[in-house]
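1. Sharing a model that was predicted from the sequence below.
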Amino acid sequence: MEKALYLIPVTLGETEINQVLPSYNHDIIVNIKHFIVENIRSARRFLKKVEKSIDIDELTFYELNRHTDRKIIGEYLAPLKAGESVGIISEAGCPAIADPGADVVAIAQKQGIKVVPLVGPSSIIMSVMGSGFNGQSFAFNGYLPVEVPQRIKALKKLENKVYNEDQTQLFIETPYRNGKMFETIINTLRPDTKLCVAAGITCPEEYIKTKTIAQWKKDPLPEMGKIPAIFLIYK
């Protein structure tokens, strides 16, 4: 196996590994002994799902999340200098996409370290695929402001981009606030603007629906609980 920094996707929920990840990923993962992860416990659980025989105690984990001092993350790549590969594991989906792993990848690129992204599910790409919106020009905007006045302003700004730049706009919300986000969207945007709600992608509860704002007002969003969702708007 070539020495490199491997970007290892994980499932987006309790989906079977073989449903969303190729067997090639398994062959790479079982040969890596050093992992940069958001959460050690969930990373251990994922690795055991990939291969039950993995000896977790033989592995080294480096935690990378919002609490990590960005001044030390370059040290996480030290095994590569000793000839050993390193893997990055996100909490869900693909590393370095709306994920702190991007900081490590930037350092690796600067140092001339080979970076290998592995195939896996990306809720951002899959939501665009399922929306029927413009897939040639789209933008992921992450989280919108929590305060309602600022959120309304942000939504109107994104809607203007849709009409002025012919660009699909994507954003997310903390799952328990999905309902509030939906309410703000349908009370803010034009009646003919289209909204796609893509939730629980690749999971049994998967829900992907596209309607105009006017249609959503007549047929509201079903109760989603704490299911991760992506909201997309287009004309």
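-> That came in fine, so what should we check first?

2. Could you list the buried residues of the helix or strand of the chain with the lowest mean pLDDT?
-> Every helix and strand of the chain was ranked by mean pLDDT, DSSP states H and E. The lowest is helix 17-20, at a mean of 90. Neighbour counts using 16 or more other CB atoms under 10 Å place 17, 20 of helix 17-20 among the buried residues. All C-beta spots, glycine's among them, are computed from the backbone N, C-alpha and C.

3. any idea which helix or strand comes after that helix?
-> helix 23-29 (DSSP states H and E).

4. any idea how far the spatially closest residue to residue 214 that is not a sequence neighbour is from residue 56?
-> Excluding its sequence neighbours, the residue lying closest to residue 214 (CB to CB, 6 or more residues apart in numbering) is residue 191, at 4.0 Å. Distance from residue 191 to residue 56, counting by CB to CB, to the nearest Å: 54 Å.

5. Same check on residue 189?
-> From residue 189 to residue 56 the distance is 48 Å (CB to CB).

6. Pick out whichever of the two has more residues nearby.
-> residue 189 (22 against 12; other CB atoms under 10 Å).

7. check contacts around that one.
-> 155, 156, 159, 195, 213, 233 (CB atoms under 8 Å, 6 or more residues apart in numbering).

8. rerun at 10 Å
-> 152, 155, 156, 158, 159, 162, 195, 212, 213, 214, 216, 233 (CB atoms under 10 Å, 6 or more residues apart in numbering).
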